[in-house]
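A.B. asks: sequence unavailable; structure follows:
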């Protein structure tokens, strides 16, 4: 074995043996992880045709995820073990929803990995329905180009739920329109009934032949 190969093996073994814990203070913001994107995308899906669900969802999610930045907590706990530097689970709640995830760097390969679950805020749920399923956003790639890593967005559970809710929404919308039409019909029927029941206006009696015309105003 060459000295260089031996040095590489020893370096990897040393990295694997490292262990410890620390705290990272941060006032940074994360792009591409705005949980409000779930509600935004759901609203767009419900306004479109069912056969366009996936395309509309992906487009609206992409726009929504890029619309806001997620403020990191002031302190993040980091752990070093088995050759990996990883954060403890991070949970961020705000008015738009919840983002929960973690990040890790493999110190042997310098590969970066981060996975986040973005959940709709309960207050943003439609009617009395429960919040929508979470969207899972994953980043994987070389640490050297971390700013160029494209996220993988898993929306399978959300798509299934939105397909069901789209059918329910369409049925509810048809019922709402039917009730509006029924209310207009009843209002028109009532107007016609009242007109038919109202006595005709009293007309003045005709004047005998040769009588002077009536004055237009009394006096």
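C.D. replies: Ah, there it is. All values reported here derive from a predicted model rather than from experimental measurement. Numbers count the residues shown, from 1 in each chain.
A.B. asks: all contacts plus neighbour counts: C-alpha atoms, from now on.
C.D. replies: Will do.
A.B. asks: and residue 23, which of the three is it?
C.D. replies: Secondary structure state of residue 23, per DSSP: H, G, I helix; E, B strand; the rest coil, is strand.
A.B. asks: ok, for it, nearest residue in space, not its chain neighbours?
C.D. replies: Of all residues not flanking residue 23 in the chain, residue 77 sits nearest, at 4.5 Å (CA to CA, 6 or more residues apart in numbering).
A.B. asks: so which strand or helix has that neighbour?
C.D. replies: For residue 77, the element it lies in under DSSP states H and E is strand 75-81.
A.B. asks: partners of that strand, with directions?
C.D. replies: Applying DSSP bridges, strand 75-81 is found paired with strand 20-25 (antiparallel), strand 84-87 (antiparallel).
A.B. asks: got a list of contacts for the longest one?
C.D. replies: Meaning strand 20-25. If you take CA atoms under 8 Å, 6 or more residues apart in numbering as the criterion, strand 20-25 is touched by 74, 75, 76, 77, 78, 79, 80, 81.
A.B. asks: surely the fifth one meets residue 84?
C.D. replies: No: under the criterion of CA atoms under 8 Å, residue 78 is not in contact with residue 84, lying 10.2 Å apart.
A.B. asks: so where's the chain uncertain?
C.D. replies: For the chain, applying pLDDT under 70 flags the ranges 1-19, 126-127, 200-208, 210-219.
A.B. asks: helices of the protein, start to end?
C.D. replies: Ranges of helices within the chain are 3-17, 37-46, 53-65, 156-197, based on DSSP state H.
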